[in-house]
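Student: below is the sequence, then the predicted model.
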Amino acid sequence: MNVKTIVSAAAMMAAAIVPNATCAAASATALSDLNIRSGPGPDFPVIGFIAASGRTIIDGCLQDSWWCQVTHNGIRGWAYSQYLRTDMPTATIALAQQRAALGIPTIVYQAAPEETVGLANDDADSAVVAEAVSPTVLSPAPAIVPPELVRRYVITHRINPVYLNREVVVGAALPDAVNLLPVPDYRYAYTYVNRQPVLVDPGTRRVVYIYR
């Protein structure tokens, strides 16, 4: 499917960020290295990340959405909460039925005029793919350190990215619709997802490395 603009439902909400002042901030731990984005959607720019097992503060979450506003190491932005867990057993912070118990406020979001959500001009023909694998079944991924030659090849042979409706982390499997390209004389393939180059095991289609 070709698109010119992806508009996050969250960006259509008609108020500024307004947390419920009566609720205290909650903390959570990242299941994997997790992007912090400038807005609640995979097409917003990355402004930081939470390292695997790193703790972060949850300021609030959007209604009926997996996106939550976080504050981490002085950076305030948005993270995909299916890759965050709380200290409460079996609780996932973004589940609507758990928010009251966890004391997580519901907030709303309005994009600033200069922060319009959408694909860049060179991404106008990018495909939008529905989902990656459920984060609850992430498999351990090998820790790899790609050679510099691989990074240069991936960066200089850029392709139009695909956009998933969720964040992508190491260990997540990509849908069959995502095209994987070989890297010469290297065991892993590559592609661009949500504007980020990633290395993928072509046999399992699981992400093994994300260039940040």
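Tutor: Nice, I can see it. Residues are numbered from 1 along each chain as shown.

Student: all contacts plus neighbour counts: C-alpha atoms, from now on.
Tutor: Fine.

Student: can I see the domain layout of the protein?
Tutor: If the domains of the chain are taken from automatic domain parsing, they occupy 9-115, 129-210, with pieces of a single domain joined by a plus sign.

Student: what is the mean pLDDT for the longest one?
Tutor: Mean pLDDT, computed over domain 9-115, is 76.

Student: make residue 1 into 37 and carry on from there
Tutor: Let's use 37 as the start, then, which means that last one is domain 45-151.

Student: just the helices from the protein, written as ranges.
Tutor: Residue ranges of the helices in the chain, as given by DSSP state H, are 132-138, 184-192.

Student: before we move on, the earlier item: same list (the domains of the chain) but as TSV, adding mean neighbour count.
Tutor: TSV is the format used below for the domains of the chain (neighbours: other Cα atoms under 10 Å):
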stretch	mean neighbour count
domain 45-151	18
domain 165-246	17
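
Student: okay, Arg242 and Ile180: tell me how far apart.
Tutor: Relative to Ile180, Arg242 is positioned 13 Å away (Cα to Cα, to the nearest Å).

Student: ok, now which ones touch the closest residue to Pro218 other than its chain neighbours?
Tutor: Once flanking residues are discounted, Pro218 sits nearest to Ala225: 4.5 Å by Cα to Cα, 6 or more residues apart in numbering. Ala225 sits next to Leu216, Leu217, Pro218, Val219, Leu235, Val236, Asp237, Pro238 when contact means Cα atoms under 8 Å, 6 or more residues apart in numbering.

Student: please flag which of the residues you listed sit within strands.
Tutor: Here DSSP state E is the test, and the contacts of Ala225 give Leu217, Pro218, Leu235, Val236 as lying in strands.

Student: which residues touch the second one?
Tutor: It refers to Pro218. Neighbours of Pro218 in contact, by Cα under 8 Å, 6+ apart: Tyr224, Ala225, Tyr226.

Student: show me those residues that map onto strands.
Tutor: Cross-referencing the contacts of Pro218 against strands under DSSP E gives Ala225, Tyr226.

Student: and which of the contacts of Pro218 is nearest Ala137?
Tutor: Comparing the contacts of Pro218 against Ala137 with Cα to Cα picks out Tyr226 as the nearest, at 41.2 Å.

Student: would you check that that closest one makes contact with Val219?
Tutor: Yes - with the criterion set as Cα atoms under 8 Å, Tyr226 and Val219 qualify as a contacting pair; they are 6.9 Å apart.

Student: mutual contacts of the two, please.
Tutor: Listed as contacting both Tyr226 and Val219 by Cα under 8 Å, 6+ apart are Val190.
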